[in-house]
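Peer 1: Structure for this input, please:
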Amino acid sequence: MPPDVSTYVSPRTVLVTGGSGFIGTNLVVHLAAAGHTVVNADIATPRHPGHAEGWRAVDVGDREAIHQVIDDVQPGVVVHLAARTDLGSDDVADYGANTTGVEHLVDAVKATPSVQRVLFSSTQLVCEPGYVPRHDTDYRPINAYGRSKVIGEEYVRRHAGDDAAWVLLRPTSIWGPWWGDVYSTFFRTVRRGRYLHPQGLHIAKAFGFVGNTVHQLASLVDAPPEAIHGRTLYLSDYEPYPILEWAQEIAAAFGARHVREVPIGVLRVLALGGDAAARLGVAHPPITSYRLKNMVTPTAFDMAPLEAICGALPFTRSAGTAATVEWMRAEEQRS
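Peer 2: Numbers count the residues shown, from 1 in each chain. As a prediction, the model looks like this:
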């Protein structure tokens, strides 16, 4: 059963693990602007130059350290974003932040009565792209990263208990200011005129602009406990994006040339070349067979449950695109 609703008040102190990362940086800005006291527990230094004061150097793989910071801060809410998110290993053991890190956090929260709720970030990749699970524990991961997140989800369900409200969140492809080079590849490829869309294919995929994502996370921080406790929710803008339409929008925002369409057979040949380059040690080839498969695979999830909690989103896709292009240009001028 969910925690006692009558005792819940919107917290003023929020601990964000992984607050130095992409989503975390945006969330710290958003929560602080809303009046919360925000502490960032992250092994990495903050990306945002103004976030040094609220940063605590903590590795979620260090059980004692994560217990200590939660005991010191006494937060009302914990938003757990800290994770290893790359696909660079085939060994689940290399993703300890996603497995033992979750264990350490759950145990620390249960030992800290001040915590009223925890938002646990997982991933859409607990299932292969294009597969829509029939229920919350219908898993079909295809890589070690996805498998590690399944392990984390299973631990939360078994051990988080009912003393604090908790929710499992599966971000889709989140984008926007403060993202890293790997994740901004699509924007940069479109800008350079190198994105080639499969001719005649209408592809729609689940994406989320980070300004909308942090609005959703903040709404979950403030929502009544019974609205979130024990649930599994996807984080995304509510409607999938038509990829060609979005690519043209990005090109226009950069003042780049119109996106070209080419036969799928041409892309398959280019992908095989990318596979060969990867085998020779080239980091992040523009296209590989894996990326091509992801490109042409539609993704969509039932966003009605999240929309019922969070309401209308503050940013349209075009507004998010414009803000992201502006941020990328500003970053180039600073570097």
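Peer 1: so where do the strands sit in the stretch 1-150 of the chain?
Peer 2: Ranges of strands in the stretch 1-150 of the chain, per DSSP state E, counting those that start in this stretch, are 13-17, 37-42, 55-57, 77-80, 117-121.
Peer 1: Select, out of these, the one closest to residue 160.
Peer 2: Closest to residue 160 of the strands of the stretch 1-150 of the chain is strand 117-121 (CB to CB; 7.1 Å). Just so you know, the C-beta spots here come from the backbone N, C-alpha and C atoms, and that holds for glycine as well.
Peer 1: Direction included, what does the closest one pair up with?
Peer 2: Strand pairing for strand 117-121, determined by DSSP bridges: strand 77-80 (parallel), strand 165-171 (parallel).
Peer 1: Format those as TSV; extra columns: distance to residue 334.
Peer 2: Putting those into TSV (distance: least, CB to CB, whole Å) gives the following:
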stretch	distance to residue 334
strand 77-80	28
strand 165-171	27
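Peer 1: looking at the ones you listed, which is closest to residue 149?
Peer 2: Among these, the nearest to residue 149 by CB to CB is strand 165-171 (8.4 Å).
Peer 1: if we look at that closest one, which residues are touching it?
Peer 2: Contacts of strand 165-171 with the rest of the structure, by CB atoms under 8 Å, 6 or more residues apart in numbering, involve 2-3, 8, 23, 116-124, 126, 136, 153, 156-157, 160, 208, 213, 217, 220, 225, 228-236.
Peer 1: same check, this time on stretch 89-104
Peer 2: 60-63, 66-67, 80, 82-84, 120, 143-145, 147-149, 151-152, 155-156, 159.
Peer 1: Please check these and keep the buried ones.
Peer 2: Listed as buried from the contacts of stretch 89-104 are 60-61, 63, 66-67, 80, 82-84, 120, 143-145, 147-149, 151-152, 155-156; burial here means 16 or more other CB atoms under 10 Å.
Peer 1: Helices - which of the residues you listed land there?
Peer 2: Among these, the residues falling in helices (DSSP state H) are 63, 66, 67, 144, 145, 147, 148, 149, 151, 152, 155, 156.
Peer 1: Pull out the buried positions in the lengthiest helix in the chain.
Peer 2: In the chain, with assignment by DSSP H, the single longest helix is helix 317-334. Within helix 317-334, the residues that count as buried by 16+ other CB under 10 Å are 317, 320, 321, 322, 323, 324, 325, 328.
Peer 1: same deal with stretch 35-55?
Peer 2: Buried residues in stretch 35-55 (16+ other CB under 10 Å): 36, 38-43, 46-48, 51, 54-55.
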